[in-house]
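**Student:** from the sequence below, what's the structure:
(one chain, ligands or ions: 2)
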Amino acid sequence: MNHKLSEQEMIEQIDSCTDCGACLDICQTYEATENEAFSPVGRLRAARKVLQGSELSSEEVTGIYNCLKCERCNVVCPLEIDICGIVRRAQHHLVERGIGPLERPNRIMDGIQKLGNAVNGGPSKRWDWLPEEFPKKESDTLLYVGCVGAFSYPEAALSSYLLLKKLGVDFMMLEDEGCCGYLYYYIGRMDLAREHFEKTVERFKQAGIKRIITICAGCYHNFNNWYPELLGERNFEVVHISQLLPNLLKGRKLKKDGREMTYHDPCGLGRLGTGIYDEPREALRLSGVNLVEVEQNRKLGSCCGAMNINNFREISAKVAGSFLDAVKTKAIVTSCSFCLFGLNYGIRKMEKDKKVVYLSEVILDSLK
Ligand code: SF4
Ligand code: SF4
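**Tutor:** Numbering: from 1, shown residues only. Ligands and ions are numbered 1, 2, ... in the order given. Okay, the predicted model is just below:
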């Protein structure tokens, strides 16, 4: 998808829409609300107004903000309209006009600035999940845990840490890791995003980091795509832990008990990222997991809805719920700590009898 369209080209793309409806069938916020303002087509109409400097109704503004930016619509549009990119640009304009970001993201931004994380965690508790003293080790490879893993889903952080150690990967961690700054870009505060990215890159440079291993698909997408987009370059390699696993697991003795699980494709690794679909599946198969696929997977994989938890909770729960309903197994495995957040929210709110775990937990368990 071309994310570098000029605004004139965006308007031309919007005007080329034939109202075929393909994107309506795939959009999870439209499915959850049945409100056309919260569909790709409704958002394109609102975005056209924004790009031309016209006023929006409050419902249209909400439609721009409650878009998950998941790009599912882009995949099915026969005219290859960059719907998500256009909505994103419209949101950036709204932010510049002082219409948003909304209240809760503003509080999260405060948290990033004051506490160094996006989940309101106490800074001294970041490493509470470690089974030992913080390792004062140097390496040119950094395990970047991320805020959600460190504070909200320590099982994802701990299992990834133990797994990499067990598989003999040389890595360090940064005691003052901080936040990757995903939210700044996501909500359209490009000024804060650029400043934050520059500071983060400088810290990595000072620490001699040449490669980053992430456990969150959001951190991965941010470092891999948005950092170079805003800074013009990236002088470190970014890998998601799932990309390393198939090679590291080959030749290992693994417990193969044939557990049935469904793999959830995080948007940040697949559709928005670099098409990381096979590696986590291969790692799970090597670990003896019997994968049961949902009908819409990989490029069409469902969004977990987590990005809407802040402001649009009901939509978020329904978005996760529609994925959970499509899953035939009780156990779900994902390779994103933030998706754990979204899917667990859906399980709780929609009262689904499902359990979701992080990829490293499953692999580590099979190595025992
Ligand atoms: S990016 Fe996702 S939520 Fe937004 S309009 Fe497209 S399909 Fe719907
Ligand atoms: S899929 Fe593309 S052409 Fe069809 S309604 Fe959606 S934006 Fe328009």
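**Student:** rest of the way, CA atoms for contacts and neighbours
**Tutor:** Noted.
**Student:** I figured residue 234 was touching residue 228, is that so?
**Tutor:** Yes. Contact criterion CA atoms under 8 Å: residue 234 and residue 228 qualify, at 5.2 Å.
**Student:** burial measure for the closest residue to residue 225 other than its chain neighbours, as a count.
**Tutor:** By the measure of CA to CA, 6 or more residues apart in numbering, the closest residue to residue 225 outside its immediate chain neighbours is residue 273, 7.5 Å from it. Applying other CA atoms under 10 Å, we find 17 residues neighbouring residue 273.
**Student:** repeat that for residue 155.
**Tutor:** When neighbours are counted by other CA under 10 Å, residue 155 comes out with 18.
**Student:** so who does it touch?
**Tutor:** 129, 149, 358, 361 (CA atoms under 8 Å, 6 or more residues apart in numbering).
**Student:** min pLDDT across these, which one?
**Tutor:** Of all those, residue 149 carries the smallest pLDDT score, 94.
**Student:** list the neighbours of whatever helix or strand residue 361 lives in that are in contact with it.
**Tutor:** Taking DSSP states H and E as the criterion, residue 361 maps to helix 359-367. Helix 359-367 is contacted from outside by 155-156, 159-160, 162-163, 242, 253-256, 280, 283-284, 287-288, 333-335, using CA under 8 Å, 6+ apart.
**Student:** now do stretch 69-86
**Tutor:** Here stretch 69-86 has contacts from 1-3, 10, 13-14, 16-17, 22-24, 26-27, 40, 44, 47, 87-88, 267, 271-272, 299-301, 303, using CA under 8 Å, 6+ apart.
**Student:** center of this protein, which residue is that?
**Tutor:** residue 218 (3.3 Å; CA atoms, centre = their mean).
**Student:** okay, stretch 281-293 in PDB with CA atoms only?
**Tutor:** Only the C-alpha atoms of stretch 281-293 are listed here, as PDB (Å, rounded to 0.1, in the frame of the first residue of the first chain):
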ATOM      1  CA  ARG A 281       3.300 -21.000  13.200                       C
ATOM      2  CA  GLU A 282       6.500 -22.900  12.400                       C
ATOM      3  CA  ALA A 283       7.700 -22.400  16.000                       C
ATOM      4  CA  LEU A 284       4.400 -23.700  17.400                       C
ATOM      5  CA  ARG A 285       4.400 -26.800  15.100                       C
ATOM      6  CA  LEU A 286       8.000 -27.600  16.100                       C
ATOM      7  CA  SER A 287       6.700 -27.400  19.700                       C
ATOM      8  CA  GLY A 288       4.100 -30.000  19.000                       C
ATOM      9  CA  VAL A 289       1.100 -27.700  18.800                       C
ATOM     10  CA  ASN A 290      -1.700 -28.800  16.600                       C
ATOM     11  CA  LEU A 291      -2.800 -25.500  15.000                       C
ATOM     12  CA  VAL A 292      -6.400 -25.000  14.100                       C
ATOM     13  CA  GLU A 293      -6.900 -22.000  11.800                       C
END
